[in-house]
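Peer 1: coords please:
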Amino acid sequence: MTVLSAEQLSFAVGHHQLLDGVSFSLEAGDKVGIIGRNGTGKSSLLKILAGIVLPDDGVLSIQNGLKVVYVPQEPELNLNATVFANVSDGLGEIKSILCDYHQILTQLEQNPNHSPLMTQLQEIQNKIDSLNAWQADAEVNKILSTMRLPENTTVAHLSGGQKKRVALARVLVQKPDILLLDEPTNHLDIPAITELETQLNQFSGCLMVITHDRRFLDKVVHKIAELDRGKLSFYTGGFSKYREQKEAELAVEAEHNRLFDQFHAQEEAWIRRGIEARRTRNQGRVKRLEELRRQRAARRERQGQVQMHLSRGDAGGKIVAELEHVHFSFEEKTIVRDFSTIIQRSDKVGLIGPNGVGKTTFLRLILEELTPQSGKIRLGTRRQVAYFDQMRTALNEEETVFYTIGEGNDFIEIAGKKRHVMSYLGDFLFSPERVQSPVSSLSGGERNRLLLAKLFTRPANILVLDEPTNDLDIETQEVLENMLQEYDGTVFIVSHDRAFLDEVITSSIVFDGTGNLKEYIGGYSDYETAMQREKIQEPVKTVSKSNEKPKLNSTKKLTFNEQRELSLLPDQITELENTLTDLQQQLMNPDIFKNDYQQAIVIQNQINQIEEDLMQKMERWEILESKV
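Peer 2: The predicted structure is shown next:
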């Protein structure tokens, strides 16, 4: 069943045609990933589908009664309200009642014997009963728990990644029929990205999502829609399947253009022959040449590819850094605990872990910006460091693109050769008109390209890249990957892009959030595989301290819903423990890895999920029991 159709949509910004007669339809349950170069109009397309922007021409039809929800790149949230208030924003009149209910519960935790509050709570509970809103409250609480969001925290106090999770949670609570997401994985760490993948795989409506995360596309979408030169082309499957189809398509297009240009050149040569040829020329052939000229003029050439070159400079010493029993804490939080390692020349090291665990702090230790509180860090000789800062502090908003690179000069030296700034910026896809624009006018992708261009003007034997792929389109990411693969200096990379890490790093240092760091050989997928093996080899864990069910006590301190929840938890915990035991017994059979490795991986993933659910249940039970 068709839920949305677009016919001949056109949209331009100035003289730049972003959409040129785009037509397509969405069927029920479609999940589509939109890809394309930065600035091709992907966000404009989603805004048109959401009704935020009107097309210059064309017709958009959406089935009556369907709810369409759009989430922009930067979340639009009420910064002065709590997380719960923002997430429940899409519930209409129910929202204020549920917010009041949770606010009073919080107050009662501080003052449990406050009679007026108890009276208010009873009144609100009656309202919730009359509106049949308990299910909505449960949905909000479930989403908050799943996405690891603190319900009573004011949004203004959250990090960028947490704000993005709040915006996504609010959308999922609304249960839209058509969900439009613009760069949802930006600012999210890998655990949050994988959780979002799970949520979207369970989402039953239509999805259109803009993203440059190739692993995310393979996990979530069933179709790829590429916006290229004003046209939207669809491909079946995830990103890996798209890449195969696209390579064949580009080869056909290149051959077609070659034959067209060859024929066009022959006809131009004919028309330019001498007087005798012009006297006898065929009028039909002249008209055909005019049509060829029109087609050639109308053909929009594929945008060029970024050209990146980096000089390693001085080779430096064989040892880049040697860490011996290093310990570092910040504001009572342990960042690094008793960690030792040796990083050598040409190593490409990925730093992996959730946001806020101290990856950037670790880099600052390596860069001598911080000193460990105990242990030793011995650094190599002749170090030339180039640092890509995810906050882009090296860019001055008031300067032009041209000045940012040339710093007042028309020429710069790259790898021992003199280059004009205009020519060098052209390698990074900055047009002659764009190079005189201020940095403040650039998009996120353009700023990242400019920072990379600035970074690569100086020789370096150590590259430190903190979230280098944010906002970069897929083609530019792949060019950067190829350059880093060929680069023979040392590279440190902080990134949540799993595909990028797989292509570049040779080893990883993983942060668990408590100061414990562990090293793994290979890319991100190798780390995932190693983690699965470690869990399989671990002895069976006893999640509960005893085989007895948690004791249930009634108390006036618990609300009605909490009492009901506490009464259900023992059976839920027992059921999860029984399921966990059965699955672990299946994995203890050594033949399963020989005969059906894929099934073993499926079972292990189920075990991981059940262990997580079990721990959440146990933690919730302990919280409720503590009120007794």
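Peer 1: all helices of the stretch 501-628 of the chain, in order?
Peer 2: 524-537, 560-587, 591-595, 597-626 (DSSP state H, counting those that start in this stretch).
Peer 1: who's in contact with stretch 100-117?
Peer 2: Residues outside stretch 100-117 that contact it (C-beta atoms under 8 Å, 6 or more residues apart in numbering): 84, 118, 120-121, 124-125, 128, 137, 151-152, 556-557, 559. Quick note: C-beta positions are derived from backbone N, CA and C, even for glycine.
Peer 1: I'd like those laid out as CSV, including pLDDT and secondary structure.
Peer 2: Formatted as CSV, the contacts of stretch 100-117 follow (pLDDT from 0 to 100; DSSP: H, G, I helix; E, B strand; the rest coil):
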residue, pLDDT, secondary structure
84, 89, helix
118, 79, helix
120, 82, helix
121, 80, helix
124, 81, helix
125, 82, helix
128, 79, helix
137, 81, helix
151, 86, coil
152, 86, coil
556, 44, coil
557, 59, coil
559, 71, coil
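Peer 1: I'd like the helices of the stretch 501-628 of the chain as TSV, with mean pLDDT, mean neighbour count and distance to residue 474 appended.
Peer 2: Compiled in TSV, these are given as follows (pLDDT from 0 to 100; neighbours: other C-beta atoms under 10 Å; distance: least, C-beta to C-beta, whole Å):
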stretch	mean pLDDT	mean neighbour count	distance to residue 474
helix 524-537	84	15	17
helix 560-587	79	15	37
helix 591-595	56	11	35
helix 597-626	76	15	27
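Peer 1: now these as CSV including distance to residue 478?
Peer 2: Shown next, in CSV, are these (distance: least, C-beta to C-beta, whole Å):
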stretch, distance to residue 478
helix 524-537, 16
helix 560-587, 37
helix 591-595, 34
helix 597-626, 28
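Peer 1: buried only: go through the contacts of stretch 100-117 for me.
Peer 2: The neighbour count (16 or more other C-beta atoms under 10 Å) marks 84, 120-121, 124-125, 128, 137, 151, 559 as buried among the contacts of stretch 100-117.
Peer 1: mean confidence for stretch 209-225?
Peer 2: For stretch 209-225, mean pLDDT rounds to 96.
Peer 1: who's in contact with the residue most central in space within the chain?
Peer 2: Against the mean C-alpha coordinate of the chain, by C-alpha atoms, centre = their mean, the closest residue is residue 185 at 2.4 Å. Applying C-beta under 8 Å, 6+ apart to residue 185 gives the contacts 193, 196, 211, 213, 216, 496.
Peer 1: which residues touch the first one?
Peer 2: The reference is to residue 193. So residue 193 contacts 185, 213, 216, 496 (C-beta under 8 Å, 6+ apart).
Peer 1: tell me the two of the residues you listed that are most distant?
Peer 2: Maximum pairwise distance among these (C-beta to C-beta): 10.3 Å, between 216 and 496.
Peer 1: by mean pLDDT, flag the weakest helix or strand of the protein.
Peer 2: Using mean pLDDT, DSSP states H and E, helix 275-279 stands out as the lowest-scoring helix or strand of the chain, at a mean of 48.
Peer 1: re the thing from before, most neighbours among the contacts of residue 193, which one?
Peer 2: Highest neighbour count within these, by other C-beta atoms under 10 Å: residue 213, with 27 neighbours.
Peer 1: and residue 9, that's in a strand?
Peer 2: Yes: under DSSP: H, G, I helix; E, B strand; the rest coil, residue 9 sits within a strand.
Peer 1: how close does it sit to residue 468?
Peer 2: The spacing between residue 9 and residue 468, counted by C-beta to C-beta, to the nearest Å, is 34 Å.
Peer 1: and for residue 168?
Peer 2: On the measure of C-beta to C-beta, residue 168 and residue 468 end up 24 Å apart.
Peer 1: now the helices: where do they sit in the stretch 301-450 of the chain?
Peer 2: Under DSSP H, counting those that start in this stretch, the stretch 301-450 of the chain gives helices at 359-366, 401-406, 421-427, 444-455.
Peer 1: any buried residues in the third one, and which?
Peer 2: When you say that, I think you mean helix 421-427. Buried, per 16+ other C-beta under 10 Å, within helix 421-427: 421-422, 424-427.
Peer 1: packing partners of it?
Peer 2: For helix 421-427, the packing partners by 3 or more C-beta pairs under 8 Å, 6 or more residues apart in numbering; DSSP states H and E come out as helix 401-406, strand 411-414, helix 444-455.
Peer 1: mind running it again at 10 Å?
Peer 2: Counting contacts by 3 or more C-beta pairs under 10 Å, 6 or more residues apart in numbering; DSSP states H and E, helix 421-427 packs against helix 401-406, strand 411-414, strand 417-420, helix 444-455.
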